[in-house]
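Colleague: Could you work out the structure for the sequence below:
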Amino acid sequence: MADPADTPAPGALDTELLLKQARTYLAFCGQLRQFVERYQDSAPNQVDWGLALRQHFDQFRTAMGESAGEPGADPELARLWTLTLELWQQNAAALGIVAPDDEHADAWRAYRQAQSQYLDLLRQAAREALDLMEQRLSERATAGQLIDSLRELYNLWVDCNEKTYGRMLRSDQYSELSGRLFNTLLRCRPQGETVP
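Modeller: Residues are numbered from 1 along each chain as shown. A predicted model of the protein is given here:
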């Protein structure tokens, strides 16, 4: 149980809550990625892609509904994600997704693998930014310098993200991965098709 002295004054920014919500959001994004990967892995075996897509969205919507009933879960956030999911489902259905033919199946698998690694790298940078922000907030609290406004907190968040994303962008790993991502995507394009 938290020490009453650690509870922010009414009207004060609860930075611990904001960090917790950001970490929850990253965890949710990880669950969303797993949902998409399950769909991509099973979709080539489905005859009716539209049916497969609806089934996977229904499974995800059910999981979101269940999470809204968990103690400590924010039901408004769960409803927001459910609405977002419904919008994604409508947009995906409007795309008229077509299964890749056998000729391009390996290219698509290679692209999805590179994309997954790329998103993992981005998530890692986001987690490092949150860790850095938590460290800076702790240092400020120890020095008696509290965050006085949402703008000040936002500026700290931007600064931490600029540092971690900048470090990621300058890394050899990012250079290799972004090049591989682009090259595998180009291999998915049917031969003879020109890029506009």
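
Colleague: counting contacts, what elements does the longest helix seen in the chain pack onto?
Modeller: In the chain, taking DSSP state H as the definition, the longest helix is helix 102-142. Taking 3 or more Cβ pairs under 8 Å, 6 or more residues apart in numbering; DSSP states H and E as contact, the helices and strands that helix 102-142 lies on are helix 15-42, helix 150-169, helix 172-187. For every residue, glycine as well, the C-beta is placed using N, CA and C.

Colleague: Could you give the average pLDDT over the second one?
Modeller: Average pLDDT, helix 150-169: 88.

Colleague: For it, enumerate the helices and strands it packs against.
Modeller: The contact analysis (3+ Cβ pairs under 8 Å, 6+ apart) places helix 150-169 against helix 102-142.

Colleague: can you list the domains in this protein?
Modeller: Listed by automatic domain parsing, the domain ranges of the chain are 14-99, 102-189.

Colleague: Just the mean pLDDT for the shortest one, thanks.
Modeller: Regarding domain 14-99, the rounded mean pLDDT is 58.

Colleague: Equivalent analysis for stretch 188-196, please.
Modeller: The pLDDT scores in stretch 188-196 average 63.

Colleague: what about Ala125, how many residues close to it?
Modeller: 19 (other Cβ atoms under 10 Å).

Colleague: wait, it sits on Arg170?
Modeller: No. The criterion here is Cβ atoms under 8 Å, and Ala125 misses it with Arg170 at 11.5 Å.

Colleague: which residues are common contacts for those two?
Modeller: Overlap between the contact sets of Ala125 and Arg170, as judged by Cβ atoms under 8 Å, 6 or more residues apart in numbering, is nil.

Colleague: before we move on, back to that, next, the angle helix 150-169 makes with the longest helix of the chain.
Modeller: 130 degrees (axes from the mean of the first three to the mean of the last three Cα atoms, to 10 degrees).
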